[in-house]
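*Asks:* Predicted structure and sequence below. I'll ask about it afterward.
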Amino acid sequence: MPPVKIWLLDINDEVIDGKPEIRLWGLDDKGRRTLIIDRSFLPYFYLLLEDDAIPEKVLKEIDVRKTSTPGIVALHVVDKKYFGKPVRVIRVACRNPTLVTKYASSLGRVSGVRDHLEDDIRYSSRYLIDKGINPCGWHKVEVEEVENEVDAEVEKVYLAKSTPRVVDSAETPRLRVLAFSMVCHSAKGSPKPEKDPIVIISSVANDRSQQQFIAEDHDDRHVIESFIKHVQDFDPDIIVGYGSNKQDWPYLIERAKRLGIKLLVDRSGSEPHTSLYGHVSVTGRSNIDLADYAEEIREVKVKTLENIADYLGVTKKEKRTKIEEIDLSSFWEDEEKRPALQRYAMENSQSILGISNITLDFAMQLSNLIGLPLDHVGAAAVGFRVEWYLIRRAHEIGELVPKRTEKPYFPYKGATVLKPKPGIHEKVVVLDFSSMYPNIMIANNISPDTYVKPHEPEPLGGVNTAPEVKHKFRKEPPGFYKQVLSDLIKARNEIKAKLKRLSPESPQHKVLNARELAVKTVANASYGYAGWVGARWYIRPVAEATTAWGRHAIEHTVDLAKKSGLNVIYGDTDSVFVEYKAEEIKKFLEAVKEEVGLEIKPDKVYEPVLFTEAKKRYAGLLPDGRLDIVGLEVARGDWTESAKKVQEGVIEIILKERSADDAVKFVHQYIKNLKSKKVPYSDLIIWKTLTKPIEEYKVNAPHVTAAKTLKRLGWALVPGEKIGYVIEAGGGKLYERAAPYSLTTYDQLDLKYYEENQIIPAALRILSIFGKNKEDLKPEDATQRTL
DNA sequence: GCCGTATTCCTACCG
DNA sequence: ACCGGTAGGAATACGGCG
C-alpha cells in the first residue's frame, strides 16, 4: 500500500508482553484520526569509557555479567563527542524501556566505564529524537494496515514498516477543539474533591456546539458521566482549559475515583494521568492548559481567565456575567441566582475557546520547533524548552547529552545599566543591538564545547578571550551554541522576509507569525539558559563571558556616541538613548558596526521622554501620540489602579501639555474624588503574589495577613497565587489592617492610606522633578480652609 | 522604652 | 526550575539615650 501521511498530535509508548512499542497519534491527509504503531525501535543508553580504556575489554566485562543483564539486545562501540571532545562510547540496546535505568547504573560500575549517559531520556522522547520526528508536523510512513486490536478510538490503525520521514508542509489539519471549565461547590472555602461535588461542567467546541452538565442536588455522578460521554462523542483532538492541569483535571480524576467512575476520555481506553512537567496526559489527544501561555503575557498582571480574555478581546467585557470566586457557592445554592452561575460557567468556556483560537498557532509552532509534544511544550518551563531544543540539535551533530547534576551556585556579573540624565528630553532615539547575547555568543564562538580552561594549552586555531573575566574560547571549529544560534537567527530572518511578502490576512501569515515568535522565544532565552545552574550544559564561564562582552560592547558604544557628538541620555544592557541628530546618528551607526562588530539599529523615537534619577524607569511620548511607560508604577501590578491612573494622568499632562501646575490640579481633583468615594472599590485593591507557603515568611506583610485570613476561612492558598487586599481604617501597623478585598466593604477602607501611600507617592515620582512636594499635592479641602 | 536610621525582606520590574 | 541589575515599600534590627 502507498505510504501514509500523518500529522503528529500525540505520542506514547507501551510495553506489551515485554515488548515495547511506540504509538503515533494524529490525522492523515484525508482528515482521518490515525494511529501508527512502531514496534521496530529499541531503547538504549551509552556507556562513556575512560580515556585509556580498551572498548573490547569493557565489552568482555559486560559479557561476563550477562546473567544479571539478560535484557541486553545489542552492544555497539560508537564514536561520539562529549563537550566537543571525540569520545568512544558503548551503545547498550535493551529489550524494553524499564531496563534502561537499572542496567545503566549497574554497568556504570564496570571497570573502564567512566559514566552512563542518556539513560535519563524517556523511550518515547528517544524515538522522536532519533527519528527526527516533529510534533505538529507532517510525516510520511510506509505501513501496513492492521486490525484495531488495541481498541484505539481512531479510524485507521497501521503498523509502521519504515522510519517516518518529515514532509515539509506548513498546513495544519482541521482539528476538533473542545474547551471546558468546571464549577465545584463547597459550603465553606475551597472545594475539596474528597467531599465537594462538581456541580457544573461547561464545554464549548470549535464547531460552535455547547454543552452544559448540571448536578441534581449535589450529586455529580451524572455530571461526570455525561461529560465523559460528550468527550467520546465529540472526539476532540485538542482539549483546552484554563488552569486545567493544576485544578480541573486533578479534581475530576479524584472525583471519578471516589465515585468509582472510569474517566475514559482518551483514545486508548485508559485514564488521564499527570506526566512530565506537571501536565495531564490524555492519550491520543492533546490536553492543553492555556494558563501556561497566559504566563507569557506581561501586560496582564493578575492572570485570571477574565483578565486574559479581556486583554485578548475574545469576549465582550460589558456583557459578561461577573461572579467573585468567593461567591460561587452562594450562587449555586440560590435558585434565583443559579441561572447567572450557569451563564458564568458557559461564558468561561467560551473565553477559553476564544483564547485557544489565538494561542494554538503559537503553541503548535513552538512544539514543532522544539520537538516536545504539544501537550508538553506549554507546561515545560523556559529552561526546559531551550534544553529540549538543544538535545535534539545535539543528536544531529553527534554530541552526547550531559546528565543533569547538582552544581554549586556562584553569582556572576551581569549587564551594565547607565545612569539616566533626569528631566525632559525633547527628541530622543533608542538604538539597540538586535539579539545582543546570541550574536555575542556567535561572534566569539562562546559555547560549552569551545571553552578552554585556564591551564589547558591553547588550541592551534587560537582563542577569543573575554574582556575583564578573561575566559577563553577556541575560535575553531564552530561550537554547539554557535551552530544552533546562527540557525535560529537565520531562520528568523527568513521568516521575516517571507512575512513581508504575504498579506496579513492570509492563513500562512498567521502560521509564520507564530513561527517567528517561537523562534524568537528560544533564541532570547538561550543566554539565560547558559547561566542556569540547573542546565545540563551549564558552564559558568559561558554565561560570564557573554555578559562581559556585552558590557564591553555597550561601554564602547557610549564612547563612540560621544565621539560622534551625540548626547547619551540613558542605556540598559543592549541599548543607548541618544538625542535625535540624523547626520551624527548615521555616522555613529557605521562606527559601531565597524568597531564594536555588532549591529545596532534605531528602534523607538520619543518626543519627548522623561527620566527621574532612577534607572529602568521612564516615560516617553511616541510619534503617534501613545505613551510608553517603562518600569514606573503604571507598569507594575503591585500598585492600586487608583495610583496608576493618577500617575498616568500626570505623565500625560506633563508630556503633552507641559504643565506641572495642571498636573497638580489633576491630582487634587482625583484625591477629592477619592475622599467623596467616587473612586471605584476595585481601583483600591492591591495585588501581590504569595511567593512561598505562608509559614515560611520571616516578616509580617500585608498580603500575608490577607492570605492568612483567607486560609482561616478554608481557602487553600498555594505559592504563585495573587492575593488581592485592601487597607482598612483603624490603628496599628499596616499589616494588621490588611484584609482580603472580597471580605471588606468600602466604608471600612482607610482612604488616608490610599491618598498618602498610593496616590501621592505615584504622582510625586514624576512631579518631584518639577519641584513639587507632598504638601503641594494635597487638595485644600473644606476642613483645612475653616482652620 | 522611645526615636530615628540602617538593614533586611519582599515583590516586581528591565533587558 | 532562566540570568543579573534595579527600585521601592514595609518590617525589623540597631544604636543612642541617664
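*Replies:* Thanks, I have the structure now. Numbering: from 1, shown residues only, chains lettered A, B, ... in the order given.

*Asks:* Any figure for the gap between the closest residue to DNA strand C within the stretch 51-200 of chain A and residue A:587?
*Replies:* Residue of the stretch 51-200 of chain A nearest DNA strand C, by C-beta to the nearest atom of the strand: residue A:120 (12.4 Å). Just so you know, the C-beta spots here come from the backbone N, C-alpha and C atoms, and that holds for glycine as well. Distance, residue A:120 to residue A:587, using C-beta to C-beta, to the nearest Å: 54 Å.

*Asks:* again with residue A:94
*Replies:* From residue A:94 to residue A:587 the distance is 65 Å (C-beta to C-beta).

*Asks:* Also residue A:403?
*Replies:* 51 Å.

*Asks:* Neighbour count: these two, which is higher?
*Replies:* residue A:587 (15 against 12; other C-beta atoms under 10 Å).

*Asks:* and that one, what does it touch?
*Replies:* Applying C-beta atoms under 8 Å, 6 or more residues apart in numbering to residue A:587 gives the contacts residue A:564.

*Asks:* What strand or helix carries it?
*Replies:* Secondary-structure element containing residue A:587, defined by DSSP states H and E: helix A:582-596.

*Asks:* how about the helix or strand just after that helix as CSV, C-alpha atoms only?
*Replies:* Once helix A:582-596 ends, the next helix or strand along the chain (criterion: DSSP H and E) is strand A:600-606. Extracted in CSV, the C-alpha atoms of strand A:600-606 (Å, rounded to 0.1, in the frame of the first residue of the first chain):
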residue,chain,number,x,y,z
ILE,A,600,22.9,48.4,16.3
LYS,A,601,19.5,49.6,15.0
PRO,A,602,17.2,52.6,15.7
ASP,A,603,14.1,51.3,17.4
LYS,A,604,11.8,53.9,19.0
VAL,A,605,11.8,57.7,18.9
TYR,A,606,10.4,59.6,21.8
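
*Asks:* Adjacent strands (with direction) for strand A:600-606?
*Replies:* Sheet pairing for strand A:600-606, assigned by DSSP bridges, gives strand A:428-433 (antiparallel).

*Asks:* any idea how far the next helix or strand after the partner strand is from the chain center?
*Replies:* Next in sequence after strand A:428-433, counting helices and strands by DSSP H and E, comes helix A:436-444. Counting by C-alpha atoms, centre = their mean, to the nearest Å, helix A:436-444 is centred 23 Å from the centre of its parent chain.

*Asks:* can you pull the pLDDT of the nearest residue to the residue of the stretch 51-200 of chain A closest to DNA strand C once chain neighbours are set aside?
*Replies:* Take residue A:120 and drop its neighbours on the chain: the residue closest to it by C-beta to C-beta, 6 or more residues apart in numbering is residue A:403, 6.5 Å away. Reported pLDDT at residue A:403 in the predicted model: 96.

*Asks:* Tell me if residue A:403 really is in a strand.
*Replies:* No - counting by DSSP: H, G, I helix; E, B strand; the rest coil, residue A:403 is not part of a strand but coil.

*Asks:* what helix or strand does residue A:346 sit in?
*Replies:* helix A:338-370.

*Asks:* Contacts (any at all) between DNA strand C and that helix?
*Replies:* No - for helix A:338-370, no contact with DNA strand C is found by C-beta under 7 Å from any atom of the strand; the gap never falls below 13.2 Å.

*Asks:* after that helix, next one along is what?
*Replies:* helix A:374-377.

*Asks:* Just the residues contacting the next helix or strand after that next one, thanks.
*Replies:* Downstream of helix A:374-377, the next assigned helix or strand under DSSP H and E is helix A:382-396. Helix A:382-396 is contacted from outside by A:121, A:128-130, A:132, A:277, A:366, A:369-372, A:377, A:380, A:400-401, A:480, A:483-484, A:487, A:521-522, A:525-526, A:528-529, A:532, A:534-537, using C-beta under 8 Å, 6+ apart.

*Asks:* swap in stretch A:266-277?
*Replies:* In contact with stretch A:266-277 (C-beta under 8 Å, 6+ apart) are residues A:12, A:23, A:25, A:33, A:35, A:122, A:150-154, A:235, A:245, A:249-250, A:252-253, A:256, A:262-265, A:280-285, A:287, A:376, A:379-381, A:384.

*Asks:* ok, now which ones touch residue A:608?
*Replies:* A:424-428, A:620-621, A:655.

*Asks:* And for residue A:589, nearest residue in space, chain neighbours not counted?
*Replies:* Nearest to residue A:589 is residue A:600, by C-beta to C-beta, 6+ apart, at 6.1 Å.

*Asks:* Touching, that neighbour and residue A:431? I think so.
*Replies:* Yes - with contacts defined as C-beta atoms under 8 Å, residue A:600 counts as touching residue A:431 at a distance of 5.1 Å.

*Asks:* what sits in contact with each of these two?
*Replies:* Common neighbours of residue A:600 and residue A:431 (C-beta under 8 Å, 6+ apart) are A:576, A:589.

*Asks:* any idea which element whatever residue of chain A ends up closest to DNA strand C lies in?
*Replies:* Nearest residue of chain A to DNA strand C: residue A:528, at 1.4 Å (C-beta to the nearest atom of the strand). Residue A:528 belongs to helix A:507-530 when assigned by DSSP H and E.

*Asks:* Can I get the next helix or strand after that helix in CSV? Just the C-alpha atoms.
*Replies:* As assigned by DSSP H and E, the chain's next helix or strand after helix A:507-530 is helix A:540-563. Extracted C-alpha coordinates of helix A:540-563, given in CSV (Å, rounded to 0.1, in the frame of the first residue of the first chain):
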residue,chain,number,x,y,z
ARG,A,540,29.6,29.3,34.3
PRO,A,541,32.3,30.9,32.1
VAL,A,542,29.9,30.7,29.1
ALA,A,543,27.4,33.0,30.8
GLU,A,544,30.0,35.1,32.5
ALA,A,545,31.9,35.8,29.3
THR,A,546,28.7,36.6,27.4
THR,A,547,27.8,39.4,29.8
ALA,A,548,31.4,40.6,29.9
TRP,A,549,31.4,41.0,26.1
GLY,A,550,28.0,42.7,26.5
ARG,A,551,29.3,45.2,29.0
HIS,A,552,32.3,45.9,26.7
ALA,A,553,30.0,46.4,23.7
ILE,A,554,27.7,49.0,25.4
GLU,A,555,30.6,50.9,27.0
HIS,A,556,32.4,51.1,23.7
THR,A,557,29.2,52.2,22.1
VAL,A,558,28.7,55.0,24.6
ASP,A,559,32.2,56.2,23.8
LEU,A,560,31.5,56.2,20.1
ALA,A,561,28.3,58.1,20.6
LYS,A,562,30.1,60.8,22.5
LYS,A,563,32.8,60.9,19.8
